[in-house]
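Student: Dropping a prediction and its sequence here:
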Amino acid sequence: MKKTFLITSLFVLAAFVLTACTAEESAVELDGPVLQTENFDGSVDFNGAVANTANFPVQSVYVVIFAKDSDGNALAATSALVEEGERLDPTESFFFTASFDSLPPEAHSKEVQIYYDLVEE
């Protein structure tokens, strides 16, 4: 029991700074680390925040998390719509939670990608 609690606690305390891999600079970026928590039912949650670093608003912000094997191949993916598609104004940030029912045992790393639409005014 103590070993399970210790392992679970280590996952809760582990902060994975996951960065989006894009060829161009993004208007929406991670606002701090993404925390990974493993639940007692085997599901895994990724909790973090995104911030709009541009000088224009965006909307429909999706955070996509990929679990990858040691060769960089995607094994599983999950996504979260940040604040139900609300508008994200400049310098504003929102929290998100993306969940996996379980991570594949061969998952070696995680990658975060952020997608959004421009607000048409």
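Tutor: Structure received.
Student: CA only for contacts and neighbour counts going forward, please
Tutor: Noted.
Student: So residue 84, which state does it fall into?
Tutor: For residue 84, the reduced secondary structure class is helix; criterion used: DSSP: H, G, I helix; E, B strand; the rest coil.
Student: where's the nearest residue to it once chain neighbours are set aside, which helix or strand?
Tutor: Spatially, and ignoring its direct neighbours in sequence, residue 84 is nearest to residue 60 (7.4 Å; C-alpha to C-alpha, 6 or more residues apart in numbering). Under the criterion of DSSP states H and E, residue 60 resides in strand 58-68.
Student: pull the CA atoms of that strand into CSV?
Tutor: Output for strand 58-68, consisting of C-alpha atoms alone and laid out as CSV, is shown next (Å, rounded to 0.1, in the frame of the first residue of the first chain):
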residue,chain,number,x,y,z
VAL,A,58,-8.1,33.7,-30.3
GLN,A,59,-10.8,31.2,-29.8
SER,A,60,-11.5,27.4,-29.8
VAL,A,61,-8.2,26.6,-28.2
TYR,A,62,-7.4,22.8,-28.2
VAL,A,63,-4.6,21.2,-26.3
VAL,A,64,-3.6,17.8,-27.7
ILE,A,65,-1.3,15.5,-25.8
PHE,A,66,0.5,12.6,-27.5
ALA,A,67,2.0,9.6,-25.7
LYS,A,68,5.0,8.4,-27.7
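Student: Tell me where this protein has helices.
Tutor: When secondary structure is read from DSSP state H, the chain shows helices at 2-13.
Student: pLDDT weak spots in it?
Tutor: Within the chain, the set of residues satisfying pLDDT under 70 comprises 1-25, 121.
Student: 80 instead, please
Tutor: 1-26, 84-85, 120-121 (pLDDT under 80).
Student: Strands along that one, start to end?
Tutor: Along the chain, the segments classed as strands by DSSP state E run 15-16, 28-30, 34-38, 44-52, 58-68, 74-81, 93-100, 109-118.
Student: Next, format the ones you listed as TSV and append distance to residue 87.
Tutor: Compiled in TSV, the strands of the chain are given as follows (distance: least, C-alpha to C-alpha, whole Å):
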stretch	distance to residue 87
strand 15-16	26
strand 28-30	12
strand 34-38	22
strand 44-52	10
strand 58-68	4
strand 74-81	12
strand 93-100	10
strand 109-118	9
